[in-house]
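In: Sequence and predicted model, in that order:
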Amino acid sequence: MLDKNFDPAAVEQRLYEGWEKAGAFGARPEGNAAPFTIMIPPPNVTGSLHIGHALTMTIQDTLTRWRRMQGRDALWQPGTDHAGIATQMVVERLLASEGKDRRQMGREAFLDRVWQWKAESGGSITRQLRRLGASLDWPRERFTMDDGLSTAVREVFVTLHDQGLIYRDRRLVNWDPKLLTAISDLEVESREVKGSLWHLRYPVEGKEGRFITVATTRPETMLGDTAIAVHPEDPRFADLVGKRAILPLVGRAIPIVADEYSDPEKGSGAVKITPAHDFNDFEVGRRHALAMPSVLTADALVTLEEIEADLRDIPGVADADFVRGLAGQDRFAARKAIVARLEELGLVEKIDPHTHAVPHGDRGGVPIEPRLTWQWYCDAKTLAQPAIKAVESGAMTFHPRQWENTFFAWMRDIQPWCVSRQLWWGHRIPAWYGPEGMIFVARDEAAAQAKARAHFGHDVALDRDPDVLDTWFSSALWPFSTLGWPEKTPELAKYYPGSVLVTGFDIIFFWVARMMMMGMHFMGDVPFRDIYIHGLVRDERGQKMSKSKGNVMDPLELIDAYGADAVRFTICALTGPGRDVKLGRQRVEGYRAFATKLWNAARFLEMNGIAPDVRFDAAAVKTPLARWLLDATNRAVADASLALEAYRFDDYAQASYRFVWNGFCDWFLEFAKPVLNGPDGAEKTEIKGVAQHVLGVILRLLHPSMPYITEELWDRFGYGEPCSLIRAEWPGAITVEGAADARAELDWVVSLIGDLRTVRAEMNVPPSVTAPLLLQGATPETLARAGRWIDAIRRLGRVTELTALAGEAPAGVAQFVVGEATAMLPLAGIIDFAAERARLSKERGKLDVEAQKIEAKLGNPDFVARAKEEVVEENRERLATAQAEIARLDAALARLGK
RNA sequence: GGGCGCUUAGCUCAGCGGUAGAGCGCCUGUCUUACACACAGGAUGUCGGCGGUUCGAACCCGUCAGCGCCCA
């Protein structure tokens, strides 16, 4: 016997292990079934399961379980990525607590230590995914630093290099002075910062007393200024173009150039140009062939190495000693010192408060510093073209579609991708440096040596590039590297391209676009057909979750409190297309109630001895109730399937919820009770049969979103072997004979009972009071129908008996209209006539408004002439119905008036 | 500044040319032999404003306002 409530904690682990042990999650590459492939967005190996994972993984698992039940050979590929910066930071912090430093211990020892850390703590997220019920094919788990995936990375790097699509270049890069590495454009986020706009006066060379004022937000970079730019058409500066200005403090003479980059509307109209420390200035520097001295080190400390020779003393303008004193100072300290010294010299015209966007490193959190360095770049522009075409042609489709705009906007204006990182943890760049500046890119050291030997004619010493690749470089290969590429494996042949990629919009550029580029280039085909983009999880008020706001929800804690099924079903129910998921505990609690409802419905069947019955033939049912239920089941299954097909998880949840609660529980089980309590016989056998059949359908229908409770019930009832629901067949439609008749009959009963209840409630008739029901003006068919359902009407409508009324109505009845008949409840002494009159009048009023609206419509000749015929006809029918009902209500009111 | 999206019941949202809906919440009643994580009943909307197209607009078009996100 089932307990009164479902206890998730008691079954979840057992069932998950049961599935896993039975190999139920495993793909079957040797079989003939059509594949269904989802590549997990590999979580960061340092990570732990957060609510965003719960969202994306619930969606992926729901799709995977559904397709698996449909008979597809489902592969949900698990794994994690090595998260270069994040992991290195974690281990360095650990070392710091032991008083150690990676530089002291050296590269080899440090990497050993990272692997050791990974072995000990790196797997927590995969354990947590199991708690959610995620049916990943664990034996196929991959890690981006695995041997196989590393081979793929080297293969891709070398190939792209040979094709000229990866190259080394010296240009400005986004440099993180805290983490001491280059990062890509995408890893930079703008943050609004309240700063100042300093207006600095630079003396014009050879024109005593003449100054040109430049406006800047970064005065400390002035040491590296090599020009001043003004707009070519700006009359204020026309006479100065071609002249030179003296750079204050330093004393270097710098040209005043005309360049459209300078915006006459902004600041002072003149802008200082520091090519080595600003992306725009770099471009101006290139156009005007300016020198590009760097004045900051990797740590963002002032360095004078490249400007030492320029330093001069000019009274009132330049101060070499002061500048020398800046060496080694932090960029922000230097800013203060420089501004102070300029003020002393009277070279600061004004300081305006200024809020502007400052680029920050997304990992380190400090302002990034544009820095002139040699780095490896990937020619994203070229690689992007086939990916763009594949989306344009529909070979890949975004869901919701609108994300294609975002995708195109970025892809069509894509910049070279800086792929090198000055880290130790990651895929080391397969490039070796030899004498005379020669670089040999090869799959391994031996191959590099061979290339060097071929070039020089003898063996030479080679040094390997110390840098590693961007983690996203290896993630970009995930859809094929996990399947064994560059080997030609059966898995690669079967599971590439993937069916759908599920991820958040924040990752479209980082990962989705890059997988497309690499997939198109190396596999010659798209990496996946569909891209389902979901929103963010927010709190119930729509606020983004953050530690500082204290509104973070822990999915594991929610699972502990409500069960994984409730969490998953809530997520499905709230996941509309293009919408964020606003999650609150109350929502999860509400959907736990749904799980309890299902549990208790099953418990009721169990109490009535209803069990799986293979002899039951759904196509052969005779009773209207069984036919009605099977028909409703068909519709629920069709709605749910269509919803999943369209990635409408909200519609899927709603269709299942409504069918189970409002269809199966509220009506079917209530109608079944009199039969189940009645004598044994064909009818009872059929109702029990259809009940077990439909419970089986419900368990299968809900399994993708609520795997545990459904499997538990499936197993306890014995629908199959333990842990077999996960691979049971997804339900389909069955032919129901006489479905329309059954629907008409049950609709009539439902509406009769509904009206009966409404009248009783509005008349404040206590449930303990029962009464006979009189039907006046009913056709013989209606009376026969009422007779067939008398037991249900008695039970659900608190009616003692039902009789046809031929003559006059007795005094003291509550009345309502049902179809062609008027129903009457003789409740003399109980009903309040004034209340009854008011109720009937209100009813009549509503109908009257309705009828008037329709009359007005039909009275409009334009409507009758121009609207579609069926619309006009429909309105005529509605008017007739309303008018007939008004007439019966008038009769009822007249009787009351006596 | 450019782009995208949103604005419908107290809340979260569906509906996207022909009768304004759901869930939750709220109010009332009920321990009716599966379920009080329940059952039954009820109330609630100038569908953001304005203008247009149409026989007919929450839905299509224009415009304004507010909110959110992305890019500069």
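Out: Thanks, I have the structure now. Numbering: from 1, shown residues only, chains lettered A, B, ... in the order given.
In: Only C-alpha atoms from now on, for both contacts and neighbour counts.
Out: Will do.
In: Phi first, then psi, for the residue nearest to the spatial centre of chain A.
Out: Central residue check for chain A by CA atoms, centre = their mean: the C-alpha nearest the mean position is that of residue A:534, 2.7 Å away. Residue A:534 has phi and psi values of phi -100, psi 170 when expressed as degrees, to the nearest 10.
In: and the helix of greatest length in chain A, what does it pack onto?
Out: When every helix of chain A is counted residue by residue (DSSP state H), the longest turns out to be helix A:869-897. Helix A:869-897 sits against strand A:813-818, helix A:833-859, with contacts defined as 3 or more CA pairs under 8 Å, 6 or more residues apart in numbering; DSSP states H and E.
In: Relative to the shortest one, what are the paired strands and their orientations?
Out: Going back to what we said before, that points to strand A:813-818. Paired neighbours of strand A:813-818 in the sheet (DSSP bridges): strand A:821-826 (antiparallel).
In: got a list of contacts for the partner strand?
Out: A:771-779, A:810-817, A:888 (CA atoms under 8 Å, 6 or more residues apart in numbering).
In: hang on, the earlier thing: is it possible to get CSV of the helices and strands packed on helix A:869-897 that adds distance to residue A:882 and mean pLDDT?
Out: Listed next are the helices and strands packed on helix A:869-897 as CSV, based on distance: least, CA to CA, whole Å; pLDDT from 0 to 100:
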stretch, distance to residue A:882, mean pLDDT
strand A:813-818, 11, 85
helix A:833-859, 6, 85
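In: pretty sure residue A:65 contacts residue A:704?
Out: Yes - in this structure residue A:65 lies within contact range of residue A:704 using CA atoms under 8 Å: 5.1 Å.
In: that older thread, now the buried members of the contacts of strand A:821-826.
Out: Under a neighbour-count criterion of 16 or more other CA atoms under 10 Å, the subset of these counted as buried comprises A:771, A:773-778, A:812-817, A:888.
In: Now flag whichever of those residues is closest to residue A:164.
Out: Sorting those by how near they are to residue A:164, with CA to CA, puts residue A:817 at the top with 82.5 Å.
In: is it true that the closest one touches residue A:887?
Out: No - at 10.1 Å, residue A:817 and residue A:887 do not qualify as touching, with contact defined as CA under 8 Å.
In: What sits closest to residue A:355 if chain neighbours are left out?
Out: For residue A:355, the nearest residue in space outside its immediate sequence neighbours is residue A:194; the separation is 4.4 Å by CA to CA, 6 or more residues apart in numbering.
In: would you list every one of the helices in the stretch 51-200 of chain A?
Out: All helices of the stretch 51-200 of chain A, identified by DSSP state H, counting those that start in this stretch, fall at A:51-69, A:84-97, A:102-105, A:107-121, A:124-132, A:147-162.
In: so which of these is the most packed in?
Out: Using mean count of other CA atoms under 10 Å, the stretch among the helices of the stretch 51-200 of chain A with the largest mean neighbour count is helix A:51-69, at a mean of 24.
In: For that helix, name the packing helices and strands.
Out: Here helix A:51-69 is seen to pack against strand A:35-39, strand A:73-77, helix A:124-132, strand A:498-504, strand A:537-538, helix A:564-574 when contacts are counted using 3+ CA pairs under 8 Å, 6+ apart.
In: Could you confirm whether the helix or strand following the shortest one reaches RNA strand B?
Out: Read that as strand A:537-538. Elements were assigned by DSSP states H and E; along the chain past strand A:537-538, the next helix or strand is helix A:555-562. No - residues of helix A:555-562 are not located near RNA strand B by CA under 7 Å from any atom of the strand, the shortest gap being 8.1 Å.
In: can you list contacts of helix A:555-562?
Out: Residues outside helix A:555-562 that contact it (CA under 8 Å, 6+ apart) are A:8-9, A:49-51, A:54, A:128, A:131-132, A:564, A:566-567, A:585, A:588-589, A:592.
In: ok, now with 7 Å
Out: The contact list for helix A:555-562 (CA atoms under 7 Å, 6 or more residues apart in numbering) reads A:50, A:51, A:54, A:567, A:589, A:592.
In: show me the contacts for the residue nearest to residue A:355.
Out: With CA under 7 Å, 6+ apart as the criterion, the residues that contact residue A:194 are A:354, A:355, A:356.
In: Of those residues - the most surrounded one?
Out: When neighbours are taken as other CA atoms under 10 Å, the top entry among the contacts of residue A:194 is residue A:356 (15 neighbours).
In: Quick check: phi and psi at that one.
Out: Main-chain dihedrals, residue A:356, degrees, to the nearest 10: phi -150, psi 170.
In: Per-residue pLDDT of it, please?
Out: At residue A:356 the predicted local distance difference test score is 81.
In: Also residue A:225?
Out: In this prediction residue A:225 is given a pLDDT of 89.
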